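In: What follows is a predicted structure for the sequence shown.
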Amino acid sequence: MLSEPLTIERMGGQGQGVLRLKGPLTTQTLSPFQNAIRGENAPTMILDFTEVPYIDSAGLGTLVSTFVSRHKAGHRVALVGVNKRVNKVFEVTRVDSLFLQFKTLEEAIEALTSAGHA
């Protein structure tokens, strides 16, 4: 079965690494996601899920693995624009509490920049 492609755009964001994902995060699309994550060294990584329509178990596993490895290194992961379908996967698997979540990228940058200076 052919999957929709996943594209990832790296954006700047006041001390945060921002990755904007477009497309599903699935077994077929994990490679570009993992490569982008490995290249991100910012203390806070923001993943913009606004254009991620769905996520499968492999995508979820990679996302949780990303959280764990970054958390161990003292870094944070925040998610932006998670839709109801993806959020339901987070709730059912009980990983929703792992991630800081924001509605918009601007809201995330503002909150995380303020938190860093408090």
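Out: Perfect, I can see it now. Numbering: from 1, shown residues only.

In: Packing partners of the lengthiest helix in the chain?
Out: Counting by DSSP state H, the longest helix found in the chain is helix 57-72. In terms of contacts (3 or more C-beta pairs under 8 Å, 6 or more residues apart in numbering; DSSP states H and E), helix 57-72 is packed against helix 30-38, strand 44-51, strand 76-80. For every residue, glycine as well, the C-beta is placed using N, CA and C.

In: between the ones you listed, which gets nearest to Ser57?
Out: Ranking these by proximity to Ser57 (C-beta to C-beta) places helix 30-38 first, at 11.2 Å.

In: So what's the gap between the closest one and the chain middle?
Out: Between the mean C-alpha location of helix 30-38 and the chain-wide mean there is a distance of 11 Å, by C-alpha atoms, centre = their mean, to the nearest Å.

In: Check which helices and strands the lowest-mean-pLDDT helix or strand in the chain sits against.
Out: Every helix and strand of the chain was ranked by mean pLDDT, DSSP states H and E. The lowest is helix 105-117, at a mean of 80. Secondary-structure packing of helix 105-117 (3+ C-beta pairs under 8 Å, 6+ apart): strand 16-22, strand 44-51, strand 76-80, strand 100-102.

In: ok, residues contacting it?
Out: 13-16, 18, 43-44, 46, 48, 50, 76, 78, 80-81, 100, 102 (C-beta atoms under 8 Å, 6 or more residues apart in numbering).
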